[in-house]
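[1] A predicted structure for the sequence below; I have some questions about it.
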Amino acid sequence: MLPSSHRRGLPTRPTARGARPPRRILTAGPAGLVALVVAATLLGVSTPAATAAPLPPTPADGVVDETFVSSPDLFNTDLGSVRRIAPRARVDSWNQRYAAAVDVVMDSIEGERPDDVLVAGDLVEGHWGIDDARTGIFGRITDPTSRRRALERAARFYYDQWADRFDRRGLTVHAALGDHELGDDGWEKPDAGSRFKLATLALRKRLFAERMVDPHRYPLHPSGPAARTAYAERLAPEVLLVTLDEFERTDRGVRLRPDRRQLAWLDRVLRGARRDGVDWIVVQGHLPVLGPVRARGSSQLFVEGGQRSALWRTLARYDVDLYLAGEVHATTARSAQGVTQITHGGLFAYGLTSYLVGQVDGDRLRLRLKDFRARVGRDGPRLWQTQTSRGGPARITYRRDPPVRGTMTLAADNRILERSGLLGRYRP
């Protein structure tokens, strides 16, 4: 077992929050009834049949070492009232229905009493440096310079709005870079918009890092292009989180993989963790590695090479327990070479939000997948975004108490002890 002090470059949680609080006493709640997500038909994709999933057993003493919530693609939309910076704006990326829906989701996450919240990319819509409605909210766009300035203003505004939802509730969040933070995929296309996204890739990474990756909070990070966007953090003395940047800029465009220096750093971090006897290693990155997986309204980007990739070989070499990914807005659990991958998350504007609760209890990691029920207005106005065609429905309602739709229990030796519902075996 590891002491809570720094060893071999693997940091514990920063001391700014004071000493680690006593382990929490949790009580088991009843499994909710499961409802089919209504927005799947809006996206023109299928959803697995809803099946009830029992809660995994709680520890005999009711005590856990670490509780985390993981929700990639949260919220995957630019949300925040632009009237704070442009009082006379005739459009807005916020309304009372979204305010209420966001509160439902955040209340539920807070109610899990997590020590940490993990978000593996796609925090925002990210189509910035665009103003096709000519609103001027982030400045008039007349040339490449003013376009970059508009991008910067929009990024800082929406990242601040996003992070503020967690700050106000005292939730500690660890975010990874997704393709929407980089303007959305399609960088290789020949049109002017795609060329602009590619040309501003480094700028977009820097803007993400400014608000989401405090270098003083995350002292352990690679050198090279991912120095500000990849990091490792000890969530608890026996739980290590590694967050990856899976978007490498090359002369040929964007490659969907960690760069070589990041992979070398990852190898050193994982080797040190296993040498020190860390019981649980969780890695998060935006892109799935193993496929196929369920998908809803997604471009279905994957790490290049899949199971044969250098990334997956590294995870398997060091017996990583859990790889968490987003991108596909649906839940699938797959395993290979002893590593379990869970893709999950959703599309908030279309009522598809879900989250995973993880509880570490000694030699067990218990997981529950909760999926919100929502009602989405299919017709009528759209929520304003800097690229107006990206706006989701303006009318949306989320219901409280999301039901459990899947469970899984992992042993410290990587065995899956039980699984059910959407975390059960996937048969395409």
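    Great, that's in hand. Numbers count the residues shown, from 1 in each chain.
[2] drop to CA atoms for contacts and neighbour counts, all remaining ones
    Will do.
[3] Return the distance of stretch 320-338 from the chain's centre.
    12 Å (C-alpha atoms, centre = their mean, to the nearest Å).
[4] what does stretch 400-413 give?
    17 Å.
[5] Show me which residues of it are buried.
    401-412 (16 or more other C-alpha atoms under 10 Å).
[6] between those residues, which is nearest residue 204?
    residue 402 (33.7 Å; C-alpha to C-alpha).
[7] I'd say that closest one and residue 369 touch.
    No - if you go by C-alpha atoms under 8 Å, residue 402 and residue 369 don't touch, sitting 9.4 Å apart.
[8] quick one, strands of the stretch 151-300 of the chain?
    173-176, 231-236, 239-243, 248-250, 253-255, 280-284 (DSSP state E, counting those that start in this stretch).
[9] For the fifth one, name the packing helices and strands.
    In terms of contact count using 3 or more C-alpha pairs under 8 Å, 6 or more residues apart in numbering; DSSP states H and E, strand 253-255 is assigned the packing partners strand 248-250.
[10] Over to the longest one?
    Counting contacts by 3+ C-alpha pairs under 8 Å, 6+ apart, strand 231-236 is packed against strand 239-243.
[11] Mean pLDDT per helix and strand in the chain: which one sits at the bottom?
    Least confident helix or strand of the chain, by mean pLDDT, DSSP states H and E, is helix 40-43 with a mean of 35.
[12] after that one comes which helix or strand?
    Using DSSP states H and E, the helix or strand that follows helix 40-43 in sequence is strand 66-70.
[13] tell me the angle that next one makes with strand 239-243.
    Interaxial angle of strand 66-70 relative to strand 239-243 (axes from the mean of the first three to the mean of the last three C-alpha atoms, to 10 degrees): 20 degrees.
[14] Rebuild the strands of the stretch 151-300 of the chain as a markdown table, extending it with distance to residue 331, mean neighbour count and mean pLDDT.
    Conversion of these to a markdown table gives the following (distance: least, C-alpha to C-alpha, whole Å; neighbours: other C-alpha atoms under 10 Å; pLDDT from 0 to 100):
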| stretch | distance to residue 331 | mean neighbour count | mean pLDDT |
| --- | --- | --- | --- |
| strand 173-176 | 18 | 25 | 98 |
| strand 231-236 | 24 | 22 | 96 |
| strand 239-243 | 20 | 22 | 98 |
| strand 248-250 | 26 | 14 | 96 |
| strand 253-255 | 24 | 16 | 95 |
| strand 280-284 | 15 | 23 | 98 |
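[15] if we can go back for a sec, and the buried residues of stretch 400-413, which is the shakiest by pLDDT?
    Across the set of the buried residues of stretch 400-413, residue 412 stands lowest in pLDDT, at 92.
[16] what's near enough to touch that residue?
    279-280, 321, 363-365 (C-alpha atoms under 8 Å, 6 or more residues apart in numbering).
[17] Could you write out the alpha-carbon coordinates of stretch 230-245 in CSV?
    Output of stretch 230-245 as CSV, limited to C-alpha atoms (Å, rounded to 0.1, in the frame of the first residue of the first chain):
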residue,chain,number,x,y,z
ALA,A,230,-2.1,15.7,-20.7
TYR,A,231,-1.5,15.1,-17.1
ALA,A,232,-1.5,12.5,-14.2
GLU,A,233,-3.1,13.0,-10.8
ARG,A,234,-3.4,10.8,-7.7
LEU,A,235,-7.1,10.8,-6.8
ALA,A,236,-6.4,8.8,-3.7
PRO,A,237,-3.3,7.1,-2.3
GLU,A,238,-4.3,3.9,-4.3
VAL,A,239,-6.0,5.5,-7.3
LEU,A,240,-4.1,7.1,-10.2
LEU,A,241,-5.9,9.1,-13.0
VAL,A,242,-4.1,9.7,-16.3
THR,A,243,-5.6,12.1,-18.8
LEU,A,244,-4.5,12.0,-22.4
ASP,A,245,-4.5,14.3,-25.4
